[in-house]
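J.: Provided below are the primary sequence and the corresponding predicted coordinates.
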Amino acid sequence: MKSIKYIIILLVTGFFNLSAFAQEKEANMSISFVKEEGKNICKVLVTSEDKPVAEIAVKLSVKRLFGQLPIGGDVSTDETGVASFEFPDNLPLNPEGKLEVTAAVEDDENYGSFDVTTETQIGTKVDLSNLEKRERSLSGGRDRAPIYFIIASVVIISGIWGTLIYVVLQVFKLKKLKTT
């Protein structure tokens, strides 16, 4: 009886493993940037076997410090295999003056998941000269913290330590009263 149970388990898991290794079609993508009517347009061309792929969802994102910033949501390709995204020109560029743009297809039933990455210079150059100024701000550390934060934290810490010292002194007074 155990052997039949093991055979059934092996058949079921073997079936799922075979379906997981089914060969998916190969697809390629390319990213290009054009300016149309004063707007920056990012066009992603999806092809398979040198033919355009229609109706496939493409996601566009830009590399940021802690991950990918999505741009424009999911856009499906048209009959020519092109997905068009309006690309913002106000994204800050990295110190080298470039943006890393990634177009991705995720979990397509025919082509699986694949992506392509390119660089562009569309964006705004960040002025790093103001980093030398020592202005107080909410995001500033220690020496650049707002004065009211410093005063509030000193008052709170003093209040806590004052309360602890008062309690200890009261305990010593109780001991003196008990001994007399």
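T.: All right, it came through fine.

J.: Which helix or strand in this structure has the lowest average pLDDT?
T.: helix 2-20 (a mean of 53; mean pLDDT, DSSP states H and E).

J.: what comes into contact with the helix or strand following that one?
T.: Per DSSP states H and E, the first helix or strand lying C-terminal to helix 2-20 is strand 28-36. Here strand 28-36 makes contact (CB atoms under 8 Å, 6 or more residues apart in numbering) with 40-48, 58, 87, 101, 103, 105, 114-116, 118, 120, 122. Using the backbone N, CA and C atoms, a C-beta is placed for each residue, glycine as well.

J.: ditto for stretch 92-106
T.: 27, 29, 31, 42, 44, 46, 56-63, 68, 71, 83, 87, 91, 111-126, 128.

J.: Buried residues in it, which are they?
T.: For stretch 92-106, the neighbour count (16 or more other CB atoms under 10 Å) marks 93, 99, 101-105 as buried.

J.: remind me which residues of the protein are low pLDDT?
T.: Scanning the chain for pLDDT under 70 picks out 1-24, 128-134, 180.

J.: Show me where it has its helices.
T.: Secondary structure of the chain by DSSP state H: the helices cover 2-20, 147-179.
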